[in-house]
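*Asks:* Predicted model follows, preceded by the sequence.
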Amino acid sequence: MTCEGKTSDVEAFFASAPSLRDEDTIRQRVQVFIDEHRSRHNRLVCVTSGGTTVPLERRCVRFIDNFSSGNRGAASTEYFLKADYAVIFLYRGGTIQPFCRSVPDDALLTCLEPDDSHGIKVRAEFYSDVEHAIRGNHEGLMSHKLLKVPYTTLFEYLQILQIIATAAHSLQRLAMFYLAAAVSDFYVPWESMGEHKIQSAGGSLAMQLAGVPKMISVLREGWAPNAFCVSFKLETDQTILIQKANDALRKYRVHAVVANELNTRRKKVTIVTANGDTVIERTDQAPDVEMELVGFLCEKHAEFISNGQYT
Ligand code: PMT
């Protein structure tokens, strides 16, 4: 393992993490979903989406958060489903859901209104967006092509990712990981965390955060070494973005790194692979960058499934 994902650090991280609520149920749902798609030789992608929280207290009142609206993960999930992938959508609770990108945040109160017969109806101006959301979600779930698994904390995210990745090992090259979630690099180890709300009487607060082992290395080398793995690189400084993405490509031996800058992330991404860079920019004709991004990655994954490599 690389120094950033040393076995001892990874084991220490999981050993000290609080136990995962509903672990057995999550494990079972994931296993059943993967078994079903393995028996049908389907391609399967795990899309991670949203930011992770880092609790500062065990009975958590305060936490540190990583920014991500979930739009990238939600949009990408829609296109993967369209490309006939089975999708495990590992998402931060409360972030944007597949097929719901056009629906307002407070959908219930904005999109619905009382009707004349003491019932509820969809407001006319939102009808097509609501219909798209309900039908898309329903079809995904009913066709068993979409499995949604929520998380909130960094601990939950990494514990569930491990469950999914070790189960997806059996799919070999048919599995893809699309790691769009914004994952914290720092955390407060559970054993050094206070039980109760941090008191403010002392004025300022100094805290020491430990480094989170880079789990991409572990995923690539241990959990699902034969899967196609796409990670993301987010920077706010455009001048270092592509270099950092290239560094990540080499260091974590992923198949592609999608580089994006915070302010332009909806308009432009650069896919960095061992074979060079591909820039995708949203045009007036395209609804978003994810359509072309996912199309590109599906092609590379298809080559990888056939040959164990891609151009
Ligand atoms: O959700 P949106 O608002 O649409 O925005 C989308 C996005 C900007 C969040 C998304 O496109 C994106 O860039 N996601 C990755 C953000 C991020 O965490 O970047 P990073 O440079 O800190 O991490 C790089 C990679 O390492 C990520 O794939 C992450 O999953 C992974 N990682 C991070 C920390 C850690 N301890 N282990 C990891 O494996």
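*Replies:* Looks like it came in fine.
*Asks:* any idea how far M176 lies from L219?
*Replies:* Applying Cβ to Cβ, to the nearest Å, the value for M176 to L219 is 12 Å. Just so you know, the C-beta spots here come from the backbone N, C-alpha and C atoms, and that holds for glycine as well.
*Asks:* which residues in the stretch 201-311 of the chain form helices?
*Replies:* If DSSP state H, counting those that start in this stretch is used as the criterion, the helices of the stretch 201-311 of the chain fall at 215-218, 238-252, 290-307.
*Asks:* quick revisit: shared neighbours of M176 and L219, which are they?
*Replies:* Jointly contacting M176 and L219 under the rule Cβ atoms under 8 Å, 6 or more residues apart in numbering are A227, C229.
*Asks:* phi, psi of the residue lying closest to T311 once chain neighbours are set aside?
*Replies:* Closest residue in space to T311, ignoring its immediate chain neighbours: N275 at 5.9 Å, by Cβ to Cβ, 6 or more residues apart in numbering. Main-chain torsions, N275, degrees, to the nearest 10: phi -100, psi 10.
*Asks:* wait, N275 sits on Q309?
*Replies:* No - under the criterion of Cβ atoms under 8 Å, N275 makes no contact with Q309, lying 9.8 Å away.
*Asks:* What parts of this protein come near the ligand?
*Replies:* Residues of the chain lying near the ligand by Cβ under 6 Å from any ligand atom: 68-72, 179-183, 185, 212, 214-216, 231-234, 260, 265.
*Asks:* any idea how far V294 is from the ligand?
*Replies:* Using Cβ to the nearest ligand atom, to the nearest Å, V294 is found at 13 Å from the ligand.
*Asks:* Residue numbering should commence at 35 henceforth.
*Replies:* Understood, numbering begins at 35; the last thing we discussed is V328.
*Asks:* what's the spacing between the residue lying closest to that residue once chain neighbours are set aside and G228?
*Replies:* Excluding the flanking residues, the one nearest V328 by Cβ to Cβ, 6+ apart is Y113, at 3.8 Å. Remark: distance between Y113 and G228 (Cβ to Cβ) = 44 Å.
*Asks:* Compare the two and say which is more crowded by neighbours.
*Replies:* Y113 (21 against 12; other Cβ atoms under 10 Å).
*Asks:* Where do the strands of this protein begin and end?
*Replies:* 78-83, 87-89, 97-99, 120-126, 146-148, 154-156, 180-185, 209-213, 220-221, 244-245, 262-269, 290-295, 302-307, 310-315 (DSSP state E).
*Asks:* Output the ones you listed as JSON lines; include the columns distance to A201, mean pLDDT and mean neighbour count.
*Replies:* Converted to JSON lines, the strands of the chain look like this (distance: least, Cβ to Cβ, whole Å; pLDDT from 0 to 100; neighbours: other Cβ atoms under 10 Å):
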{"stretch": "strand 78-83", "distance to A201": "10", "mean pLDDT": "98", "mean neighbour count": "27"}
{"stretch": "strand 87-89", "distance to A201": "25", "mean pLDDT": "94", "mean neighbour count": "22"}
{"stretch": "strand 97-99", "distance to A201": "28", "mean pLDDT": "93", "mean neighbour count": "16"}
{"stretch": "strand 120-126", "distance to A201": "9", "mean pLDDT": "98", "mean neighbour count": "27"}
{"stretch": "strand 146-148", "distance to A201": "38", "mean pLDDT": "96", "mean neighbour count": "12"}
{"stretch": "strand 154-156", "distance to A201": "38", "mean pLDDT": "96", "mean neighbour count": "13"}
{"stretch": "strand 180-185", "distance to A201": "11", "mean pLDDT": "98", "mean neighbour count": "20"}
{"stretch": "strand 209-213", "distance to A201": "9", "mean pLDDT": "98", "mean neighbour count": "27"}
{"stretch": "strand 220-221", "distance to A201": "25", "mean pLDDT": "94", "mean neighbour count": "18"}
{"stretch": "strand 244-245", "distance to A201": "27", "mean pLDDT": "92", "mean neighbour count": "12"}
{"stretch": "strand 262-269", "distance to A201": "16", "mean pLDDT": "98", "mean neighbour count": "22"}
{"stretch": "strand 290-295", "distance to A201": "23", "mean pLDDT": "98", "mean neighbour count": "24"}
{"stretch": "strand 302-307", "distance to A201": "27", "mean pLDDT": "98", "mean neighbour count": "20"}
{"stretch": "strand 310-315", "distance to A201": "31", "mean pLDDT": "97", "mean neighbour count": "13"}
